[in-house]
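In: Provided below are the primary sequence and the corresponding predicted coordinates.
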Amino acid sequence: MEKRAIIAALLMAGLLMVYQLWFVPTPPPQPVSTPQQKEQKHGPAQATAPAQAPPSTAAVPVPPKEPPPIPEHQATIETPLYIAKLSSYGGRLVDWDLIYRGSKPMVVPGELGPLGLMVSRDGGPPKAIAFSISPESLKLPKGGGVGEVKLVGEDGYGLRATQTMRFHADSYVVEHDIKVENQHSVAQRADISLTWLAPVEWPKGKETPAFQGQHPARAVKVVSGSASREDLAKLATFRGPGEWVGLESEWYLSALVPKSGGFQIVEGRQTEANAGSQKPTEIAEVGLRATLPLLEPGSSWQGQVLTYVGPKEYARLRTVGHDLDKSIYFGGFPIPQAYGGLPMEWLAVPILRVMDFFYAHTGNYGIAIILLTVITKVLFFPLTIKSMTSMKAMQALQPQINAIRSKYKNDAQKMQQETMALYRTHKVNPLGGCLPMIVQIPIFYALYVALSVSVELQSQPFICFGRIFGVHLWICDLAAHDPTYILPLLMGASMFIQQKMTPVMGDPRQAKMMLFMPVLFTFMFLNLPSGLVLYWTLSNVLQIAQQKYMERTTGRLEKRAQLPKKA
């Protein structure tokens, strides 16, 4: 009996040792400093962290087991539209230079860009997976179709992640096919995320001329078909379903689009402490996050995501779909919401399409703007004639109107009755000169908006003679102001001539004050994009031509009316 008791005690002690060695979790080892350590601390803000999943009886704590270290590798992707570099740490983009109106960097290492595929557990900080990457070079010539880069890695807890990134020669879209497999012997849960970071305030001295226009100023998302945007400095915490989320400037967009279910869009800000006496850096983050279902041993989860990093060209964004075209903010015509408002997209989009059509046939956006302006003036010419005829009639009645005002200056009601009777006698509509112009105002405003938001005009020349002493001569960029200020001065001169030719109505003192408007507008237009100033100047010139035509036509009719009748 004693021998059996001793053997039983030894067996129980051995079993206890085996259980502690193999089944009791040990605390994870302290991570060694690696190149991706900075990215790991940029995980989603604590306020955006998901609630922990309810414990499952099938899930038990999983001890960590660090995978063999994989040195960082980079893959280079070259297409006619961009040159990109992809890191094996998380599969993050470390470079993305657009080949669009010159070279445009969309990623600035350490400041602006994505973190790649991150995995987190139990609300802990996300961790980048060290992938093997293949191939390490991919070149897609024009019309070269599609190429793939495959990344495979483990998170140290038995989850094996495979990310296949698909690049297109003729698109700024990258497709991500993500597969997560549980290779452990127990069921487990985890979250995965794809996040983009941007500084709320761009560091002074780091924004080079080549980077103008690409630095994001707002976060934008589409939820339930409606777009909303917020300045990075005012970005609030958000997590929920949506069509896509991204960072935008006026002309460029970096967006993450969930193609499969299970993803939620995430927005937030966090503060990063800096070494020394520097003040903390505030970081804005947007991204996608998915809570994986309970993965049994041997089971897997799959998801699909799109990344768009490129210019906000309306036609291109419409081709991609997923409501990415809503990243272009056309605004609305200033009509009170009680009357329904007037979305400028209804008018500005057709104008953009017509302008692109002219560019496709002329190869010059300046000429396209000229043709667009001419067509607009021709279409509204009947309304312009009606407006100018009404103003001429009002001008002819002005002496009689002034006499009535003088006679009944102390009786406003009688003055109004006599004035309206005069209009009825001569069949003149006092609003006849205004109504045609009111109809045209939304169209003109839509033209202004369309030209304002058009990235297509960037670095596009109109009449360019080159550079002298570092200054462009004459208009070498329709999206920039005229460096010689010749075009704004021509606009002011044309506006002054137009004011002098317009029939004077009402108080002459007000007419004299209106002559100061060209001076005011000239100063306003000095630093506006040349494309807008070109449109406004040509519109004034065509208006002057129409007024001269009307004056000659009216003069001939008056001379014919004065000829004596033949006996």
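Out: Structure received. What you see is a predicted model, and the numbers here were worked out from it, not measured in a lab.

In: and Asp325, what does it touch?
Out: Contacts for Asp325 (C-beta atoms under 8 Å, 6 or more residues apart in numbering) come out as Tyr314, Leu317, Arg318. Bear in mind the C-beta positions are built from the backbone N, C-alpha and C, glycine included.

In: what number of residues lie near the second one?
Out: By other C-beta atoms under 10 Å, 22 other residues sit near Leu317.

In: Do I have it right that it meets Pro311?
Out: No - applying C-beta atoms under 8 Å as the test, Leu317 and Pro311 come out as separate, 9.0 Å apart.

In: list the residues that contact both of those two?
Out: Residues touching both Leu317 and Pro311 by C-beta under 8 Å, 6+ apart: Leu253.

In: hmm, who's touching stretch 536-553?
Out: With C-beta under 8 Å, 6+ apart, stretch 536-553 has contacts from 369-370, 373-374, 376-377, 381, 384-385, 388-389, 444, 487, 490-491, 494-495, 497-498, 501-502, 525.

In: Quick one: mean pLDDT for it?
Out: Across stretch 536-553, pLDDT averages out at 85.

In: before we move on, the earlier item: could you dump the contacts of Asp325 to a markdown table with secondary structure?
Out: Formatted as a markdown table, these follow (DSSP: H, G, I helix; E, B strand; the rest coil):
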| residue | secondary structure |
| --- | --- |
| Tyr314 | helix |
| Leu317 | helix |
| Arg318 | helix |
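
In: For Val286, state which of these is nearest.
Out: Leu317 (17.6 Å; C-beta to C-beta).

In: Show the contacting residues for that closest one.
Out: Contacts of Leu317 by C-beta under 8 Å, 6+ apart are Leu253, Tyr308, Leu324, Asp325, Ser327, Ile328.

In: now Met355
Out: Residues counted as contacts of Met355 (C-beta under 8 Å, 6+ apart) are Tyr365, Ala368, Ile369, Leu372, Ala450, Ser454, Glu456.

In: could you pull out the strands for the stretch 151-300 of the chain?
Out: Per DSSP state E, counting those that start in this stretch, the stretch 151-300 of the chain carries strands over the ranges 159-168, 173-182, 191-199, 218-223, 226-231, 238-240, 244-248, 252-258, 263-272, 281-291, 300-311.

In: Wait, a helix at Ala421?
Out: Yes - assessed by three-state DSSP, Ala421 belongs to a helix.

In: contacting residues for Ala450?
Out: Residues near Ala450 by C-beta under 8 Å, 6+ apart: Phe330, Ala348, Val349, Ile351, Leu352, Met355.

In: can you list the domains in this structure?
Out: In terms of domains, the chain is parsed into 62-329, 333-562 (source: automatic domain parsing).

In: ok, and what's touching the helix or strand containing Arg424?
Out: Per DSSP states H and E: Arg424 is located in helix 412-425. Contacts with helix 412-425, where a contact means C-beta under 8 Å, 6+ apart, come from Leu397, Gln400, Ile401, Ile404, Arg405, Lys407, Tyr408, Lys409, Asn429, Pro430.

In: follow-up on the earlier one: could you identify the most distant pair in the contacts of Met355?
Out: Between any two of the contacts of Met355 (C-beta to C-beta), the greatest distance is 12.8 Å, for Leu372 and Glu456.

In: still on that earlier bit, with the contacts of Asp325 in mind, which one is nearest to Leu515?
Out: Tyr314 (39.4 Å).

In: my read: the closest one touches Leu352, true?
Out: Yes - using C-beta under 8 Å, Tyr314 is in contact with Leu352, at 5.5 Å.

In: I'd like the distance between Lys392 and Val119.
Out: Counting by C-beta to C-beta, to the nearest Å, the separation of Lys392 from Val119 is 76 Å.

In: re the thing from before, can you say which of the contacts of stretch 536-553 are buried?
Out: 369-370, 373, 376-377, 384, 388-389, 444, 487, 490-491, 494-495, 497-498, 502, 525 (16 or more other C-beta atoms under 10 Å).

In: and the longest helix for the protein?
Out: Criterion DSSP state H: the longest helix present in the chain is helix 530-562.

In: What residues sit buried inside that one?
Out: For helix 530-562, by 16+ other C-beta under 10 Å, it's 530-544, 546-547, 550.

In: if we can go back for a sec, out of the strands of the stretch 151-300 of the chain, the one nearest Lys139 is which?
Out: Closest approach to Lys139 among those (C-beta to C-beta): strand 159-168, 10.2 Å.
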